[in-house]
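Novice: below is the structure, and that's it, no one-letter string:
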């Protein structure tokens, strides 16, 4: 069952955490449909939003891997099953 998801990530000290973040996201490039990043240089922080379309297992795997990276905080919102009306999960 495919779902739409949005991952919001906050990277503290992006100079040290962004490479691992990008490498992890690239492992799931087949489900990533969009990406937006905003640097907050004065706060030494970056905010990244990923829009995904994929299986729940893949979305959860990516969220888990990103959340385990040092200096990275993630939250994910996921749609319901797209074939059954896409209600909230």
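Specialist: Arrived safely, thanks for sending. Please read all numbers here as calculations on a predicted model, not as lab measurements.

Novice: grab the nearest non-local neighbour of residue 75.
Specialist: Once flanking residues are discounted, residue 75 sits nearest to residue 8: 5.1 Å by Cβ to Cβ, 6 or more residues apart in numbering. Yep, even glycine has a C-beta here, placed from its N, CA and C like the rest.

Novice: relative to the whole chain's centre, how far out is stretch 43-63?
Specialist: The gap between where stretch 43-63 is centred and where its chain is centred comes out at 1 Å by Cα atoms, centre = their mean, to the nearest Å.

Novice: straight-line length of it, end to end?
Specialist: Distances were taken as Cα to Cα, to the nearest Å; on that basis the terminal residues of stretch 43-63 are 24 Å apart.

Novice: quick check: buried residues in it?
Specialist: Neighbour-count burial for stretch 43-63 flags 46, 48, 50, 52-54, 58-59, 61-63 (criterion: 16 or more other Cβ atoms under 10 Å).

Novice: for those, give me JSON lines that also has distance to residue 83 and pLDDT.
Specialist: Converted to JSON lines, the buried residues of stretch 43-63 look like this (distance: Cβ to Cβ, whole Å; pLDDT from 0 to 100):
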{"residue": "46", "distance to residue 83": "35", "pLDDT": "98"}
{"residue": "48", "distance to residue 83": "29", "pLDDT": "98"}
{"residue": "50", "distance to residue 83": "23", "pLDDT": "98"}
{"residue": "52", "distance to residue 83": "17", "pLDDT": "98"}
{"residue": "53", "distance to residue 83": "13", "pLDDT": "98"}
{"residue": "54", "distance to residue 83": "14", "pLDDT": "97"}
{"residue": "58", "distance to residue 83": "17", "pLDDT": "98"}
{"residue": "59", "distance to residue 83": "16", "pLDDT": "98"}
{"residue": "61", "distance to residue 83": "21", "pLDDT": "98"}
{"residue": "62", "distance to residue 83": "21", "pLDDT": "98"}
{"residue": "63", "distance to residue 83": "22", "pLDDT": "98"}
